[in-house]
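Peer 1: Quick one, what's the 3D model for this:
(2 chains)
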Amino acid sequence: MKLNKIAALYSNEMIKIFHRVSVWIVMVIMLSIAILAPIAFKVSVGDYNDQYDDFESYLSKEEFTRRRDSLAQILKDTNEFVKHSNVQYTTQNETHEVFSTWLECDEDKATDYSSYICYNNLISTYNFESNRFNTSWLTINALQSYVLAHHDICYLNLTPFSERDEEWYKMYTLYSQAFDLYSEALFSNNLNAYYSGEVLMDTVGRSRFEISSLQRLMEIDPDASFPPDQANCLLDLLNEIDKCEQDLHSNLARSQSTLPRVLTQTEKSRLRDRLSILNYHFDHGNYFTEEVTIAHQINNLAITFGRFALIVLLVLIAGTSVSQELATGSIKSLIIAPVRRWKIFLAKLLSIISWCIVGSILLVGASTLTTMFLYRNISLPEYIYVSGGMIHRIPYLIYMIMSFFVSSLSLFVYLILAFMISCISKNTGVSVAVSSALILCSNLPSILIELGGRKRWIDFLPSINMDIKNLVFPFSNLMNGLNNNDFFITENTINNSLSFSLIYVAVLLLIMLTIAYDAFTKRDIQ
Amino acid sequence: MSDNPALSIQNLTKTFGKKVAVDNVSFDVYPGEVFGFLGPNGAGKTTIIKSVMGFIQPDKGTIVINGHNAKKEYEKAMSSIGGIVENPEMYSNLSAYLNLKMYAKLHDNISKERIDEVLELVGLKERAKEPVKKYSLGMKQRIGLAQALLHKPRMLILDEPTNGLDPAGIHQLRDILKKYAHEDGAAVMVSSHLLSEMQMMCDRIGIINHGKLIRICSIEELTDQSTSSSKYRIKTSDPKKASVFLSETYSYKVSNLTESCFDIEVDESEINECVRKMVESGSDILGVQKVETSLEDAFLQITGGGIEIE
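Peer 2: Numbers count the residues shown, from 1 in each chain, chains lettered A, B, ... in the order given. Next up, the predicted model:
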């Protein structure tokens, strides 16, 4: 019986909101942003595969020929500065006579000369058709190692014949051996040769890979069949796992921007969870590929834009809920009805909350589904977390909606504020303006921190306690990929605990709702 | 009239800041009667009506509607009340029909047919699907009446219901209200600052001024008062002398003294005596004429002015 009345009031509130043209206009704007923004962002980022097509044409035979020819123009007559001679080198009482080259020029010219020779060799020998550079991480890395080793040899050859000593000869032999191995790797697709070359170059600190990483990569992909980006992502993941293990082992927090310090107990347990999650990703072949990260970021960006429209929509509904009825006098037909005022109040509050929920789901749903459709050939990342020592997964769409709710706690608080002002003031403009202003000021704490450093009182500002996303979803940063993801910086933006923040926000809401309730139920309708 | 009042107000007091809007007002309204609430603008009529309808919280006093205390059994009390306060305000972007439907949901057991019935009663059935913002003031008044009657309230309260209605509309409203009280046995309370309107509609009238209920009487009593106390216009050759003689020697109330005549307030039974005294004192009586006191005059006497006469 009593619930019937509240349900009737609630459905009336919804009817009123549904019949407002402004609500529909803002709603259409919001959904347009949610659907069109991912498309626009994707177009501006460009298709990921296109990037590799460009990469392919960049590394084509035609391009190499063009570049070789232009280098030939610059170098003109190579006989002028390239001198050959048989030179004797003595190492450990052995004498070697070697056919040597002396480049009588500066370093830049040596680089050009080296590139010229490399292009020449590639054009004449490399099979561009059957062995595309973008298909495997080996070819592209071998190409680069090959060119760099050749450069290194040419730099050695800048030394005049007379000044070449035993040390020079050692280096020359090493680079030459490495160069031969890289050639073998490049021209015959030989992973072992590449590995040997890297081991050799590692002795002088000139390898492209950490040898341990390369070993693990070879273990996972012995045929070197992964595309280059996938291999890079895998390596990033392996490095991140290494770093986690090292930090845990040494019990030290190390980051690029702070001095090392001893890990706290919470950091330690969170780091342990992070390690489990990274290992889970590794085991399941999720290598945080760039395309997945870009898709996720595009979706996030679209939601951030759409959120502005959502704020307008909700402030419009909450801020005018009571004040507009007071201003137009339509509240009379509510007061005349045989329902107690607290029921009217509750129905209005419920209608605002349900619009908050429906609006959020529509925004995040539209944007996420659009992004998922645009990137339908890849699967967007699940949110993975550890609870009770077990790995749990949340599907992408569900996670996006949940995390939006959590990160929109502040929005909800401001809506209740708008509602409160709406109950106090007959002036619709005041309630809309004040709550909009506060929403715009919600970045204030971060500005204060930047200006004056971290002060204890900042932790008691409302907006910092409403920013609890990192507390509720501590591993959400991993969804942005491993780059720019420094555990010790991103994980510790809030000093307060989750329960403190939640109690703080709950008390704040309670105070505002009490004021609103009091104002609404005791008010004399004039 | 039955013994149980449909509305019973006891010692109602409401102040706004320092201003006492309603001062210790008590009265009852009974089923089957149209009760008129008459007073100048700002007298406190609307404040009393708003207190009854739950718009404002009275400082003191009890309100009992259909046997239910408005404070303790708010919803039961309010379900027997229907009405319009000041102008009827609806959700102007919604249709009249939807407005009524939304209002009907807040009551128990109002059928769709009942909505059509009241729309027909107020003559808006054809335009019920139009948004209320397209309505004229008169139409809004009608739809307000439809809303007030929707749940067949035992106590119908209308604040200034004839605002914006054309003469035909006023006539129709009068018929509806009279029928609703006299035939359907409901109590109807109507407020107005127009006496002529009250005269044609009401069975009893409560007169209110400066927040105080001055008098409750039937229309007949008010009319009787206007006929029982009389004024006579007396023409004499020397009105000044005659008037001074009458007021100083016999303490008659004299007014409107002019060159040729003056008015005297005297009971019908005493006028012959009065004329004889004047003749005896040596005045020439040229004529004696009764001056009719209207309902308005009677009312002005009671409230001390401030009523708009149409």
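Peer 1: switch to C-alpha atoms for all contacts and neighbour counts from now on
Peer 2: Will do.
Peer 1: Pretty sure residue B:61 sits in a helix.
Peer 2: No: according to DSSP: H, G, I helix; E, B strand; the rest coil, the state of residue B:61 is strand, so it is not within a helix.
Peer 1: from what I can see it touches residue B:23, true?
Peer 2: No: here residue B:61 does not reach residue B:23: they are 10.1 Å apart, not a contact under C-alpha atoms under 8 Å.
Peer 1: More neighbours: which of these two?
Peer 2: residue B:23 (19 against 14; other C-alpha atoms under 10 Å in any protein chain shown).
Peer 1: Validate this expectation: the more buried one resides in a helix.
Peer 2: No: residue state for residue B:23 (three-state DSSP) corresponds to strand; a helix is not indicated.
Peer 1: Just list the residues touching it, thanks.
Peer 2: Contacts of residue B:23 were listed using C-alpha atoms under 8 Å, 6 or more residues apart in numbering or on different chains, and they are B:11-14, B:211-212.
Peer 1: which of those count as buried?
Peer 2: Buried residues within the contacts of residue B:23, counting neighbours by 16 or more other C-alpha atoms under 10 Å in any protein chain shown: B:12-14, B:211-212.
Peer 1: Up against chain A, what does the stretch 1-150 of chain B have?
Peer 2: On the criterion C-alpha under 8 Å from any C-alpha of the partner chain, chain A has as its neighbours in the stretch 1-150 of chain B the residues B:53-57, B:74-79, B:81-83, B:85, B:89-91, B:93-94, B:102-103, B:105-107.
Peer 1: For residue B:53, grab phi and psi.
Peer 2: According to degrees, to the nearest 10, the main-chain angles of residue B:53 amount to phi -90, psi 0.
Peer 1: quick one, what contacts it?
Peer 2: Contacts for residue B:53 were tallied using C-alpha under 8 Å, 6+ apart; they are A:335-336, B:78, B:81.
Peer 1: Output these in JSON lines; the columns should cover secondary structure, distance to residue B:283 and pLDDT.
Peer 2: Listed next are the contacts of residue B:53 as JSON lines, based on DSSP: H, G, I helix; E, B strand; the rest coil; distance: C-alpha to C-alpha, whole Å; pLDDT from 0 to 100:
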{"residue": "A:335", "secondary structure": "helix", "distance to residue B:283": "68", "pLDDT": "88"}
{"residue": "A:336", "secondary structure": "coil", "distance to residue B:283": "66", "pLDDT": "88"}
{"residue": "B:78", "secondary structure": "helix", "distance to residue B:283": "67", "pLDDT": "91"}
{"residue": "B:81", "secondary structure": "strand", "distance to residue B:283": "64", "pLDDT": "92"}
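Peer 1: what ranges do the strands span in chain A?
Peer 2: With DSSP state E applied, chain A shows strands at A:82-91, A:94-103, A:252-253, A:261-262, A:383-387, A:390-394, listed in chain order.
Peer 1: Specify the stretch among the ones you listed that is closest to chain B.
Peer 2: Of all the strands of chain A, the one in closest proximity to chain B, counting by C-alpha to the nearest C-alpha, is strand A:390-394 (41.7 Å).
Peer 1: Just want the angle from the closest one to strand A:383-387.
Peer 2: 150 degrees (axes from the mean of the first three to the mean of the last three C-alpha atoms, to 10 degrees).
Peer 1: packing partners for strand A:390-394?
Peer 2: Using 3 or more C-alpha pairs under 8 Å, 6 or more residues apart in numbering or on different chains; DSSP states H and E as the contact criterion, the neighbours of strand A:390-394 among helices and strands are helix A:265-283, strand A:383-387.
Peer 1: residue ranges of the helices in the stretch 1-150 of chain B, please?
Peer 2: For the stretch 1-150 of chain B, the helices defined by DSSP state H, counting those that start in this stretch cover B:45-52, B:74-79, B:96-105, B:112-121, B:137-149.
Peer 1: ok and the longest one relative to helix B:96-105, angle-wise?
Peer 2: To tie it back to what came earlier, the one meant is helix B:137-149. Here helix B:137-149 runs at an angle of 20 degrees relative to helix B:96-105 (the same axes, to 10 degrees).
Peer 1: And the pLDDT at the nearest residue to residue B:165 once chain neighbours are set aside?
Peer 2: When the adjacent residues along the chain are set aside, residue B:165 lies closest to residue B:138, with 4.7 Å between them (C-alpha to C-alpha, 6 or more residues apart in numbering or on different chains). The per-residue pLDDT reported for residue B:138 equals 85.
Peer 1: before we move on, back to that, and the contacts of residue B:23 as a markdown table, adding pLDDT?
Peer 2: Written out in a markdown table, the entries for these read as follows (pLDDT from 0 to 100):
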| residue | pLDDT |
| --- | --- |
| B:11 | 93 |
| B:12 | 93 |
| B:13 | 93 |
| B:14 | 92 |
| B:211 | 88 |
| B:212 | 89 |
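Peer 1: circling back: am I right that the residue nearest to residue B:165 is in contact with residue B:170?
Peer 2: No: proximity of residue B:138 to residue B:170 does not meet the contact threshold set by C-alpha under 8 Å, at 9.7 Å.
Peer 1: before we move on, back to that, could you work out the most separated pair of the buried ones among the contacts of residue B:23?
Peer 2: Taking C-alpha to C-alpha as the measure, these span a maximum distance of 11.1 Å, between B:14 and B:212.
Peer 1: list the residues that contact both of those two?
Peer 2: Overlap between the neighbourhoods of residue B:14 and residue B:212 consists of B:22-23, taking contacts as C-alpha under 8 Å, 6+ apart.
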